[in-house]
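> have a look at this prediction, sequence included:
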Amino acid sequence: MKSIPHGMFETLMEMVPVGIFSTDPLGNCTFTNPRFAQISGQTAQACLGLGWQATICPNDRARVLQGWSELMQHGTPFADEYRITHAQGDTAWVYAQAQRDIGPDGHTRGYVCAATDITASKLAEQEIKRLAFYDSLTGLPNRRLLLDRLPQTLSNTARAGMGGAMLFLDLDNFKTLNDTHGHAKGDQLLHQVAQRLQGCVRECDTVARLGGDEFVAVLVNLSINPPLAALQAETVGDKMRQCLSQPYDLDGTEHHSTASIGITLFDQTRDSASELMKRADMAMYQAKAAGRNTVRFFDPEMQVVVNSRTTMEKDLRLALKAHQFVLHYQPQVDPRGFITGAEAFVRWLHPQRGLVSPVAFVALAEETGLIIPLGAWILATACQQLQRWSQAEATRHLKMAVKVSAQQFRQTDFDSQVVHILRATGASPHLLELQLNESLLVANVEDIITKTAALKEHGVGLSLADLGTGYSSLSHLKRLSLDQLRIDQSFVRGLLTNPNDAAVTRSIFALAQSLDLRVSAEGVETQAQIDALAAHGCQAYQGYFFSEPLNAIEFEQLVQAQSSAPAKKFN
């Protein structure tokens, strides 16, 4: 710095709005302007000598003095942010810059520092960080901060040769509290849960709120020995479970809550943060399935199941695009033994696994929502086949039965979709029968009644399957536009050996008679079952006693063979 006469320097510095102080060559303060005294919260007199250093907060002092040492020894300009403590105990943030003051003789006669109060901007910065990385309700780290810190935690654990654990917590029946007592009570509970969880871990551990009623605790410095680490983690998990099950005071009202906790371990294997979260989450769901208010460890077999499910879901999506599905048809016969129609069954022509039964993939299709495009394909393909059958003398009388999932039927325009498919394929609506499950009647019955009436107006036949599950009532059934009730194969199987199955079967026949509906039975495998069903007046039969599901060519050959031979009577 170019030399300025001391008298003039002090006069000028008295006038600037920036905090200024100067020192002698040894770093002792020789001058402060009023603004610096104001920033430091000290009197100008108190800052003289080494007094300015005393205001630096202990956590920052070593770093600041190291910077001043570099300035004094090597002339390296100083610039840093640090905190200072006022005489009243308040803390302020300062940004300071300092450099040498060179005298007329070219030697260092001291140092000059300019300081600016940046407390407001620092507080704003901290608030932005808090909002971005901390949960506003509980003050805990949020999902973003947890996922940001977790890779470093895993790396440090591996480097230190230690073990660790992640605990995934979900409050049991939390939604019930929100629904019955309001979100304010729910927020109170979450706040108290966060406090209790923090009281169950050490300072080196982390508790975060993922969102809603989900929390995660990351335990570090556990044993590298997995059995011992598991014991340590389980001890903390059970402590949390017991702590969270103690009564809560929500505005003077006593409330009881519990938590399901899943645990997974980590060590030097360098698991990814996302993989760790998935495993802990799966373990938590195992705790839920075990009855709630319990602790469960991640089981590697869970991962096998999940990986298999993920692979199959991916393959299912590809199969829909690649048209890897085919339909097989199982004959339906009348009491005389004549084939009157068929039920369509989907099969998956998997490139590696070959022909896959629907038992292996339909449930997954329903869980993932893929049943909607798959069901639409099944219906369209069945109608195309129905149209082809109508072109031949031997098959033109055949009806086609197609199962419809609850998800399909609940689409707002399902009835319109069916009509569109019938028109596009040219299939006769009078030869199409849609099979609905009784479970469909668990909700929004009025919508179902409206759709079945619309389908009936277009001539589409409707049957109700899975009777006996207890969802329907007689009043509902009276209003549905049904043609037929189907006896589920589980009841047919136990018809001759299980009194309950026999009783349900008799009830279905009685119900059908009162509603003037036909009755068909699926899963028929023996003559004895046929005889028992015929005694009740069963009007249609289907099962392996007659034939397994066949591809279209095989099915047509079976029909052709029957048309040229006497019908097989079986009752």
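Yes, it's here.
> which secondary structure elements does the longest helix along the chain contact?
Assignment by DSSP state H gives helix 300-322 as the longest helix of the chain. Contact here means 3 or more CB pairs under 8 Å, 6 or more residues apart in numbering; DSSP states H and E; on that basis helix 300-322 packs against helix 273-289, strand 339-350, helix 362-368, helix 371-389. Using the backbone N, CA and C atoms, a C-beta is placed for each residue, glycine as well.
> any stretches of the stretch 51-200 of the chain with poor pLDDT?
Low-confidence segments of the stretch 51-200 of the chain, defined by pLDDT under 70: 51.
> ok, 50 please
Regions of the stretch 51-200 of the chain meeting the criterion pLDDT under 50 are absent.
> quick one: the helices in it?
Per DSSP state H, counting those that start in this stretch, the stretch 51-200 of the chain carries helices over the ranges 51-54, 58-74, 119-133, 143-160, 174-181, 183-198.
> how about TSV for those helices, with distance to residue 217 added?
Conversion of the helices of the stretch 51-200 of the chain to TSV gives the following (distance: least, CB to CB, whole Å):
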stretch	distance to residue 217
helix 51-54	41
helix 58-74	28
helix 119-133	17
helix 143-160	10
helix 174-181	18
helix 183-198	6
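> can you redo those helices as a markdown table with distance to residue 534 and mean neighbour count?
Formatted as a markdown table, the helices of the stretch 51-200 of the chain follow (distance: least, CB to CB, whole Å; neighbours: other CB atoms under 10 Å):
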| stretch | distance to residue 534 | mean neighbour count |
| --- | --- | --- |
| helix 51-54 | 104 | 18 |
| helix 58-74 | 91 | 14 |
| helix 119-133 | 72 | 12 |
| helix 143-160 | 63 | 16 |
| helix 174-181 | 51 | 14 |
| helix 183-198 | 59 | 18 |
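> right, and these - which one's nearest residue 320?
Closest approach to residue 320 among these (CB to CB): helix 143-160, 32.9 Å.
> hang on, residue 371 packs against residue 408?
Yes: Residue 371 lies in contact with residue 408 (CB atoms under 8 Å); the separation is 6.6 Å.
> in the longest helix of the chain, what counts as buried?
302, 312, 313, 315, 316, 319 (16 or more other CB atoms under 10 Å).
> how distant is the helix or strand just after that helix from the center of its chain?
Sequence-wise, the next helix or strand downstream of helix 300-322 (DSSP states H and E) is strand 325-333. Its chain's average C-alpha position is 37 Å from that of strand 325-333, according to CA atoms, centre = their mean, to the nearest Å.
> angle of strand 325-333 against strand 339-350?
For strand 325-333 against strand 339-350, the angle by axes from the mean of the first three to the mean of the last three CA atoms, to 10 degrees is 160 degrees.
> outside of strand 325-333 itself, list whatever touches it.
Applying CB atoms under 8 Å, 6 or more residues apart in numbering, the contact partners of strand 325-333 are 319, 339-349, 374, 377-378, 381-382, 385, 399, 401, 520, 540-543, 546-552, 555, 558-559.
> mind running it again at 6 Å?
If you take CB atoms under 6 Å, 6 or more residues apart in numbering as the criterion, strand 325-333 is touched by 339-349, 381, 540-542, 546-547, 549-551, 555.
> same question for stretch 229-249.
Residues contacting stretch 229-249 (CB under 6 Å, 6+ apart): 163, 165, 167, 189, 192, 196, 200, 219, 222-223, 254-256, 258-259, 261, 263, 265, 295.
> these in strands, which ones?
163, 165, 167, 219, 222, 254, 255, 259, 261, 263, 265, 295 (DSSP state E).
> which among those residues end up buried?
163, 165, 167, 219, 222, 259, 261, 263, 265, 295.
> what average pLDDT does the longest helix of the chain get?
Mean pLDDT, helix 300-322: 80.
> for residue 484, see how far away the closest residue to residue 87 other than its chain neighbours is.
In space, and not counting its chain neighbours, residue 87 is closest to residue 41: 5.2 Å by CB to CB, 6 or more residues apart in numbering. Distance, residue 41 to residue 484, by CB to CB, to the nearest Å: 89 Å.
> what does residue 494 give?
Residue 494 is 21 Å from residue 484, by CB to CB.
> please say which of the two ends up with more neighbours.
Remark: of residue 494 and residue 484, residue 484 carries more neighbours, 19 against 15, as counted by other CB atoms under 10 Å.
> the more buried one reaches residue 518, doesn't it?
Yes: if you go by CB atoms under 6 Å, residue 484 and residue 518 touch, sitting 4.4 Å apart.
> which among the contacts of strand 325-333 end up buried?
Of these, these count as buried by 16+ other CB under 10 Å: 339-348, 381, 540-542, 546-547, 549-550, 555.
> ok, now which ones touch residue 456?
Under the criterion of CB under 6 Å, 6+ apart, the neighbours of residue 456 are residue 481.
> list the buried residues in the helix or strand in which it is found.
Per DSSP H and E, residue 456 falls inside helix 445-457. Counting neighbours by 16+ other CB under 10 Å, one finds that the buried residues in helix 445-457 are 445, 448, 451, 452, 454, 455, 456.
> for stretch 81-100, same thing?
For stretch 81-100, by 16+ other CB under 10 Å, it's 82, 83, 84, 85, 92, 93, 94, 96, 98, 99, 100.
> closest to residue 23 among those residues?
Closest approach to residue 23 among those (CB to CB): residue 98, at 8.5 Å.
> that closest one pairs with what?
With DSSP bridges as the criterion, residue 98 is bridged to residue 78, residue 113.
> that one contacts residue 79, correct?
No: here residue 98 does not reach residue 79: they are 7.9 Å apart, not a contact under CB under 6 Å.
> tell me the mean pLDDT for stretch 477-485?
Stretch 477-485 shows a mean pLDDT of 86.
> no wait, stretch 285-294
90.
> who's in contact with stretch 494-504?
468, 491, 505, 528, 529, 532.
> one more time with 8 Å
467, 468, 490, 491, 492, 493, 505, 528, 529, 532, 533.
> quick check: buried residues in that stretch?
Buried positions in stretch 494-504, judged by neighbour count with 16+ other CB under 10 Å: 495, 501, 504.
> quick check: closest non-adjacent residue to the second one.
Distances taken as CB to CB, 6+ apart place residue 494 nearest to residue 501, at 3.4 Å, with adjacent residues excluded.
> doesn't residue 484 make contact with residue 515?
No: at 10.3 Å, residue 515 does not count as touching residue 484 under the criterion of CB under 8 Å.
> so where's the stretch 451-571 of the chain shaky on pLDDT?
Using pLDDT under 50, the stretch 451-571 of the chain drops low at 471, 567.
> mind listing the helices for it?
474-479, 489-493, 499-515, 527-535, 552-563.
> could you list the domains of the protein?
What automatic domain parsing lists as the domains of the chain is 6-123, 134-298, 310-563.
> what's the first-to-last distance across the last one?
Across its full length, domain 310-563 reaches 47 Å end to end, with CA to CA, to the nearest Å as the criterion.
> kindly report the same for stretch 168-180.
OK, stretch 168-180 end separation, CA to CA: 26 Å.
> which residues are contacting it?
Contacting residues not belonging to stretch 168-180 are listed as 185-186, 189, 193, 197, 212-217, 240, 244, 255, 257-264, 277, 280-281, 283-284, 288, 292-293 [CB under 8 Å, 6+ apart].
> repeat that for stretch 193-203.
With CB under 8 Å, 6+ apart as the criterion, stretch 193-203 contacts 135, 137-140, 169, 171, 207, 209, 215, 217, 219, 236, 239-240, 243-244, 246, 257, 259.
> repeat for stretch 214-221
140, 146, 150, 153, 156-157, 160, 162, 164-170, 193-194, 197, 200-201, 204-210, 232-233, 236, 240, 277, 280.
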